[in-house]
Every structure is written in C-alpha cells, then in structure tokens.
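>>> task: produce atomic coordinates for the following.
(one chain, ligands or ions: 1)
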Amino acid sequence: MEFDEMNVLWCVTGAGHRLKESYRFMSNLQRVTIAFSNAGYEVARMYGLLKDFERLGNEIILEKNQYHSSPFCGRMIKGEYDVVVVAPCTANTIAKLAYGISDTLITNIVAQAIKAKIPVFILPTDAHKIQKTKIPVTIDADKCKNCDVCLPMLNCPSNAFFITERPRIDLLKCNACQKCIPHCKYGAITFGSIVEVRCREIDIRNVENVGKIEGITIFERFEDLNL
Ligand SMILES: Cc1cc2nc3c(=O)[nH]c(=O)nc-3n(C[C@H](O)[C@H](O)[C@H](O)COP(=O)(O)O)c2cc1C
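Residues are numbered from 1 along each chain as shown. Sure thing, here's the model as predicted:
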C-alpha cells in the first residue's frame with residue numbers, strides 16, 4: 001500500500017518550524033486524522049494554518065478534549081491506523097519520548113502505537129546545531145514609531161494588539177490574517193520573517209535517542225516517508 005492510501009494518524013505539536021511543509025505533504029493524503037497537542041493547536045493558528053488543517057482532517061482530535069488519560073489512544077490497540085506521523089515534532093515532545101514519558105496526547109499516541117506495532121515516523125524540529133525558521137506576525141521595535149493612533153491596531157479584526165511602552169501583538173489572539181501589515185506606513189509589521197536559532201545539544205541528543213527506539217523512524221525529508 002502506498003503511503004497516501006493509508007489510514008494515517010498525523011500528530012501536530014507546537015512547532016512553527018516545518019509546519020507549512022507538513023501541511024503541504026498531508027494535503028496529498030486521502031485518509032488522515034489530525035491530532036493536535038495543546039501547543040500545536042495554538043501555533044497552527046499563529047501561522048494561519050489552523051483552518052486549512054481543520055478542512056483537511058477526516059477527524060480532528062484535540063488534546064484539551066482528552067483530559068489526562070487520552071482515551072483516544074485506545075484506538076491504537078484496535079489497529080485503526082496504518083501509520084502514525086508526528087510532524088513537526090517539538091523538542092519538548094522529543095524529550096518526553098526519549099525518556100519514555102507519555103503524559104500528553106501525542107506522547108501517549110506514540111507509546112500506544114509502538115505497543116500496537118503501528119509504525120511511527122517523526123520529523124523533529126531541533127535536529128541540527130543551527131537552523132533558520134520563520135516566525136509569525138511580529139512588530140519590529142526599531143521601525144515602530146509608536147504613533148498616537150496605531151492604524152494596524154485599529155484594523156485588527158481579532159483585537160490582538162495591546163499597548164505597553166509601544167504596540168504589541170498577543171499571538172494567542174492573532175490568527176495570522178495579516179490585515180494589519182499594510183496599515184503600518186513604516187513597515188514595522190512582518191509575517192514569516194526568518195530568524196536563525198541555535199538548537200540545544202540536549203535536544204539533538206534526544207533526537208538521536210528517540211531514533212533508537214524500536215518502532216520509531218526519524219525523518220527529515222517528506223520524500224523519505226515510506227514503509
Ligand atoms: C510561534 C511559536 C513557534 C514555536 N516553534 C517551535 C519549534 O519550531 N520547535 C520547538 O521545539 N518548539 C517550538 N515552540 C515552543 C513549543 O510550542 C512549546 O515548547 C510547547 O510547550 C510544546 O508543546 P508540545 O510538545 O506538547 O506540542 C514554538 C512556540 C511558539 C509560540
């Protein structure tokens with residue numbers, strides 16, 4: 001069976017890095033259930049992808065509705081899915097997996113999938129020393145003139161702006177519609193700016209250790225996803 005014909009359980013954790021790529025690959029699949037960690041649900045919204053994911057999934061599973069025991073994971077043992085993919089996978093979820101912790105929806109899915117002999121494929125975000133990543137909407141403090149009337153703020157449909165010593169954006173309210181951007185004549189607001197981050201040694205080590213767990217395959221390129 002080809003990967004795109006399988007019944008896939010796709011787990012989205014709270015990572016912006018490689019989120020859009022994950023969405024793009026997922027959109028080629030015929031049968032996909034999407035499970036969001038709490039952070040995954042928030043971060044997908046910040047990058048403007050939440051609605052797209054929701055349209056794509058045959059079913060959407062939210063960690064907040066699974067309380068502490070994640071009863072959804074019982075489906076693993078019933079063999080309801082052919083494969084589990086975690087992409088993108090945060091350093092946090094990788095760390096928990098490396099130490100056998102399964103106290104969240106996604107770590108519990110992975111643990112139960114392994115027990116049920118369902119193959120698990122994981123795309124970690126923090127696997128290399130230096131990486132470039134895109135950030136959601138942000139206000140450049142050097143360009144912001146702190147105008148008496150902040151037009152982007154007035155035109156934000158989500159009421160996501162607030163003022164401290166200058167305007168700021170509450171990312172938990174922002175849905176990345178980007179309507180604010182053209183209203184700043186100083187070009188202080190951007191979406192998808194690229195920043196360089198240094199991954200921690202411990203996160204890179206954790207990825208290596210997760211890769212040694214029977215039943216888990218770490219991958220970097222979606223072309224490599226196969227059984
Ligand atoms: C905009 C945004 C982007 C983030 N991107 C990443 C990322 O690429 N990799 C990562 O490890 N954590 C990232 N985080 C931090 C995680 O969301 C945070 O560690 C969270 O606790 C992870 O929870 P989870 O592993 O249960 O999904 C990001 C947070 C925000 C607000």
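>>> so how far is residue 167 from the residue lying farthest from the centre of the chain?
Of all residues in the chain, residue 148 sits farthest from the chain's C-alpha centroid, using C-alpha atoms, centre = their mean; the distance is 36.3 Å. Relative to residue 167, residue 148 is positioned 11 Å away (C-beta to C-beta, to the nearest Å). Placement of C-beta: from N, CA and C, glycine included.
>>> in this protein, what residue is nearest the ligand?
Taking C-beta to the nearest ligand atom, the ligand has its nearest neighbour within the chain at residue 14, 2.6 Å off.
>>> leaving out the residues flanking it, which one is nearest to that residue?
residue 39 (2.5 Å; C-beta to C-beta, 6 or more residues apart in numbering).
>>> on that earlier part again, what secondary structure does the residue of the chain closest to the ligand sit in?
Put simply, residue 14 is coil when judged by DSSP: H, G, I helix; E, B strand; the rest coil.
>>> all helices of the chain, in order?
19-26, 38-46, 50-56, 74-77, 91-98, 105-115, 151-154, 201-211 (DSSP state H).
>>> now tabulate those in a markdown table and tack on mean pLDDT.
Shown next, in a markdown table, are the helices of the chain (pLDDT from 0 to 100):
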| stretch | mean pLDDT |
| --- | --- |
| helix 19-26 | 97 |
| helix 38-46 | 98 |
| helix 50-56 | 97 |
| helix 74-77 | 96 |
| helix 91-98 | 98 |
| helix 105-115 | 98 |
| helix 151-154 | 98 |
| helix 201-211 | 98 |
